[in-house]
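Engineer: Model the structure of this input:
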Amino acid sequence: MTRLGKVIAAAELIELVASGLGEKEANAEMRQRVGLNWGLLTACQYLTGQQAMSSIAALPDDWSVDGISKARVLAAAGVANYVCANLTGDAVASAGILVKQYREAQPL
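Structural biologist: Numbers count the residues shown, from 1 in each chain. Coordinates of the predicted model:
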């Protein structure tokens, strides 16, 4: 799967969870779409990483595929950064480029 494909799959998964999909179902969905070792946390970690962020940044502002727009992908990346910044008490769940800023700006 391409980097952009992973970005889209991860963004869609975050939206599904936000709409009420359980973690177990989300993990199964991600494994089916991307691969055996992918789940909700992996999707969040991927969206906070440099590869995903550069893929998103390269998209034209009017980009859209199957109803997923650049704005929706950016919103999902924001959720992923927040999750990775605040998932645990003292540590962050990703070394993503914006995670530390989310931790400092939005503590639990």
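Engineer: so where do the helices sit in the chain?
Structural biologist: Applying DSSP state H to the chain gives helices spanning 3-18, 23-33, 40-48, 50-57, 70-86, 99-105.
Engineer: ok, residue 85 to residue 77 distance?
Structural biologist: Remark: distance between residue 85 and residue 77 (CB to CB, to the nearest Å) = 12 Å. In short, each C-beta sits where N, CA and C put it, glycine included.
Engineer: Likewise for residue 60?
Structural biologist: 17 Å.
Engineer: And these two? Which one has more around it.
Structural biologist: residue 77 (24 against 7; other CB atoms under 10 Å).
Engineer: List the residues that contact that one.
Structural biologist: Contact analysis of residue 77 by CB atoms under 8 Å, 6 or more residues apart in numbering lists 11, 47, 48, 52, 53, 56.
Engineer: okay if I get the residues you listed as TSV plus neighbour count, distance to residue 71 and pLDDT?
Structural biologist: Below are these laid out as TSV (neighbours: other CB atoms under 10 Å; distance: CB to CB, whole Å; pLDDT from 0 to 100):
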residue	neighbour count	distance to residue 71	pLDDT
11	24	11	87
47	30	14	91
48	27	18	91
52	25	16	91
53	18	15	91
56	19	10	94
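Engineer: would CSV of the residues you listed with distance to residue 90 be doable?
Structural biologist: Output for these, formatted as CSV (distance: CB to CB, whole Å):
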residue, distance to residue 90
11, 28
47, 22
48, 18
52, 25
53, 25
56, 29
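Engineer: So which of those is the closest to residue 32?
Structural biologist: In terms of CB to CB, no member of these lies closer to residue 32 than residue 11, at 16.0 Å.
Engineer: Pick the most buried one from the helices of the chain.
Structural biologist: helix 40-48 (a mean of 24; mean count of other CB atoms under 10 Å).
Engineer: and residue 64, what does it touch?
Structural biologist: So residue 64 contacts residue 70 (CB under 8 Å, 6+ apart).
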